[in-house]
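Asks: Here is my input, please return the structure:
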Amino acid sequence: MPLVDTSKMAEYKAFYRAVVSSRPPHERLFYDPYAEAFLSPGLRCLLWLLKQPLLYPLINWCMEKRYPGRFATTAACTRLVDDLIMSCIERHQVKQVVILGAGYDCRAHRLPAAAAVQFVEVDYPQRQTLKRQVLQQLPQPPMTLVDYIPMDLATQMPGDVLPLQLQRAHYHTLFIWEDIHRVFPGNNSDKMFGYFQRFPEGTRFIFTYAAKNPGMFIDAMPVTRLLQEHPNDRNYDQAPARFREFLEAYDLQLEQFTGAETYRRLYYGKRADHMKGYKWYNVAMASVKVKTIES
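Replies: The predicted model follows:
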């Protein structure tokens, strides 16, 4: 996928985070004070309109008619990933969080526990340069230090770019890989799963991906041909059991699987009962299996 396409998607996601952050404190699921800085003039104008109390209901209704369920699902999904990161830091002594295809994600600067861990962001070098420039030009630039690792997601292999130091056991590493159906073009998606096998047992992963219908996940992947040749291609699906089988081919074990209807209900309560569409966006957490020593 060309950088221009992925950058536009990163901007749209920043827009969703900015809209949520603009709501009154008692309504918003999270707060990202940096998201607005990454928006184009057109989206900033739309955000300004959404900030007007009298216009918000109308514009939100129009957005919901055009993209049913996308806004609420994206907001709830972001909150769930935030909560999972915080839980992993607290419960599993995570000291290193690696964000693949980080885009304009600013969790390293906005999460309360961020100061206690080292964040590593992997992304296209051009986008990383732009992101760093935008953040440094803010009236109050974030103070949290981030390790930026440039990687051409379309051509480079993770094992050739990411340093071996990331694999140290005492880091208790957590990977964040959102939109795994679109982030790594070519063969890199499969290579990335193979790369995960090299990490120590207990290394954890949080994935988000779309699977609208049985088999849809394969069709949506840029690596369709490669996955069809993989012995576990039919397991690349939204069903937890089938996704579990796919992960096991890479010595990973599924720890948690949450569909959109579940996490929308978790954060929106009874309001989620009336939310339509976008039910096929899933969040999964996995870990490297305990490695057994053969006698």
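Asks: In the stretch 151-295 of the chain, where is pLDDT below threshold?
Replies: Residues of the stretch 151-295 of the chain meeting the criterion pLDDT under 70: 181-189, 211-239, 291-295.
Asks: Let's see that with 50 instead.
Replies: Residue ranges of the stretch 151-295 of the chain with pLDDT under 50: 213-238, 295.
Asks: where do the helices sit along it?
Replies: 158-161, 188-196, 216-220, 224-229, 240-248, 260-268 (DSSP state H, counting those that start in this stretch).
Asks: helices or strands next to the second one in the packing?
Replies: Under the contact criterion of 3 or more CB pairs under 8 Å, 6 or more residues apart in numbering; DSSP states H and E, helix 188-196 touches helix 158-161, helix 224-229. From N, CA and C alone the C-beta is placed, and that goes for glycine too.
Asks: any idea how far residue 170 is from residue 203?
Replies: Using CB to CB, to the nearest Å, residue 203 is found at 12 Å from residue 170.
Asks: Oh, that last question was meant for residue 190, not what I typed.
Replies: From residue 190 to residue 170 the distance is 29 Å (CB to CB).
Asks: who's more crowded, these two?
Replies: Using other CB atoms under 10 Å as the criterion, residue 190 and residue 170 rank with residue 190 on top: 17 against 9.
Asks: Residue 129 versus the more buried one, what's the distance?
Replies: From residue 190 to residue 129 the distance is 28 Å (CB to CB).
Asks: Which residue ranges of the protein form strands?
Replies: Secondary structure of the chain (DSSP state E): strands at 96-100, 118-123, 146-150, 173-177, 204-210, 252-258, 281-288.
Asks: Please produce a markdown table containing those, extended by distance to residue 28 and mean neighbour count.
Replies: As requested, the strands of the chain are arranged in a markdown table below (distance: least, CB to CB, whole Å; neighbours: other CB atoms under 10 Å):
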| stretch | distance to residue 28 | mean neighbour count |
| --- | --- | --- |
| strand 96-100 | 22 | 23 |
| strand 118-123 | 23 | 23 |
| strand 146-150 | 24 | 17 |
| strand 173-177 | 21 | 23 |
| strand 204-210 | 20 | 22 |
| strand 252-258 | 20 | 17 |
| strand 281-288 | 19 | 22 |
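Asks: Make JSON lines out of those strands and add distance to residue 29.
Replies: Converted to JSON lines, these look like this (distance: least, CB to CB, whole Å):
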{"stretch": "strand 96-100", "distance to residue 29": "19"}
{"stretch": "strand 118-123", "distance to residue 29": "21"}
{"stretch": "strand 146-150", "distance to residue 29": "23"}
{"stretch": "strand 173-177", "distance to residue 29": "17"}
{"stretch": "strand 204-210", "distance to residue 29": "15"}
{"stretch": "strand 252-258", "distance to residue 29": "15"}
{"stretch": "strand 281-288", "distance to residue 29": "14"}
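Asks: For residue 61, find the nearest of those.
Replies: Among the strands of the chain, the nearest to residue 61 by CB to CB is strand 281-288 (21.3 Å).
Asks: I'd like to know which elements that closest one is packed against.
Replies: Strand 281-288 packs on helix 70-91, strand 204-210, helix 240-248, strand 252-258, helix 260-268, going by 3+ CB pairs under 8 Å, 6+ apart.
Asks: Which of these sits closest to residue 105?
Replies: Of these, nearest to residue 105 by CB to CB is helix 70-91, at 9.4 Å.
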